[in-house]
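[1] here is a sequence with its predicted model. Questions after.
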Amino acid sequence: MSPLQIISIALTGIIHQIIIHLLYILHMLINNMFLNIVDVNKYYGKPPTGVHALQDISFSAGQGELIGVIGKSGAGKSTLINLLAGIDRPTSGTVMIMDTDLSSQSENRLATWRGLNIGVVYQTFQLLNQLTVMDNILLAMDLCGNYRGRNNHKTAMRILQDLEIEDQANKYPSLISGGQKQRAAIARALANDPPLILADEPTGNLDTLTAQHIFDLFQHLSDQGRTVIVVTHDHTNQDVFTRVLKIEDGHITHAK
């Protein structure tokens with residue numbers, strides 16, 4: 001095979017990938033899709049002996065949707081959240097949020113993009129205990145290059161006021177309740193006004209009443225136009241979701 005033929009084949013492959021990428025974007029624009037997951041597989045270890053955590057997962061989400069993801073422990077829920085957050089990468093398939101194909105980004109670009117566009121809320125809060133609630137939020141802004149001095153402080157206080165914990169701003173996480181910690185974690189997730197919120201078992205450590213308040217907050221964020229995806233074992237609050245995806249053994253087996 002001549003060098004020209006090799007170059008021609010390589011260029012054909014590159015052009016093919018560009019066309020596929022543009023078609024994904026066109027599909028999302030036509031269907032008003034905010035997020036698009038196409039034929040995603042995730043292996044931990046090498047096939048076929050590795051763990052096939054997600055198998056041919058495909059779904060789309062529009063702006064402002066509040067989606068619940070349910071399933072047993074080990075079904076692949078947290079793996080899905082990590083792929084959507086760009087914390088992990090798919091073995092194959094496409095994870096596209098807005099007009100960004102996450103798998104095509106370098107780690108540095110993806111880290112900055114994630115900080116500006118995705119807020120992640122964890123079951124264990126993941127607040128830095130050596131910083132006050134206010135400083136946890138300000139740090140999230142600073143890490144994304146959003147340092148604006150006093151303006152950041154005003155923005156953070158406004159977020160805390162919206163979540164009704166402004167009186168906890170100068171306290172350390174170890175000195176506030178579990179519900180207040182989760183609200184503080186949500187406030188940190190909102191620090192850079194991201195259009196996508198991902199929550200992984202956010203009410204797992206909370207009592208029933210506090211959990212209901214957290215679900216109410218997610219519904220409020222959805223009403224504001226944010227897309228919110230919540231992994232949860234809590235079946236009592238499923239009515240707040242616009243859709244529920246059930247994952248079993250790495251497959252989406254049911255959606256309503």
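    Happy to help now that I have it. Because the structure is predicted, anything quoted here is derived from the model rather than measured.
[2] okay, helices next: where are they in the stretch 1-150 of the chain?
    Under the criterion DSSP state H, counting those that start in this stretch, the stretch 1-150 of the chain contains helices at 3-30, 77-84, 107-117, 133-143, 150-162.
[3] no no, the stretch 151-256 of the chain
    Remark: helices assigned in the stretch 151-256 of the chain by DSSP H, counting those that start in this stretch are 178-189, 208-223.
[4] returning to what we had before: out of the helices of the stretch 1-150 of the chain, which gets the lowest mean score?
    The minimum mean pLDDT among the helices of the stretch 1-150 of the chain belongs to helix 3-30 (a mean of 57).
[5] enumerate every residue touching His233.
    By C-beta atoms under 8 Å, 6 or more residues apart in numbering, His233 lies in contact with 70, 201, 204. Where C-beta positions appear, they are placed from N, C-alpha and C, glycine not excepted.
[6] nearest to Asn170, of the residues you listed?
    Gly204 (27.4 Å; C-beta to C-beta).
[7] so the closest one touches Gln123, yeah?
    Yes - between Gly204 and Gln123 there is a contact at 4.2 Å, judged by C-beta atoms under 8 Å.
[8] which one's more surrounded, the two?
    Gln123 (19 against 15; other C-beta atoms under 10 Å).
[9] shaky segments in this structure?
    For the chain, residues meeting the criterion pLDDT under 70 lie at 1-32, 47, 146-149, 255-256.
[10] what residue is smack in the middle of it?
    The residue lying closest to the centre of the chain (C-alpha atoms, centre = their mean) is Leu198, at 3.4 Å.
[11] mind listing what that one touches?
    Per C-beta under 8 Å, 6+ apart, neighbours of Leu198: 81, 84-85, 118-121, 229.
[12] switch to 10 Å and redo it
    Contact partners of Leu198, counting by C-beta atoms under 10 Å, 6 or more residues apart in numbering, are 69, 80-82, 84-85, 87, 118-122, 189, 227-231.
[13] with Val120 instead?
    81-82, 84-85, 87, 114, 126, 185, 188-189, 194, 196-200, 202.
[14] go with 7 Å
    Counting by C-beta atoms under 7 Å, 6 or more residues apart in numbering, Val120 touches 85, 189, 198.
[15] so how far is Val38 from the residue nearest to the centre of the chain?
    In this view, Leu198 and Val38 are 18 Å apart by C-beta to C-beta, to the nearest Å.
[16] thank you, goodbye.
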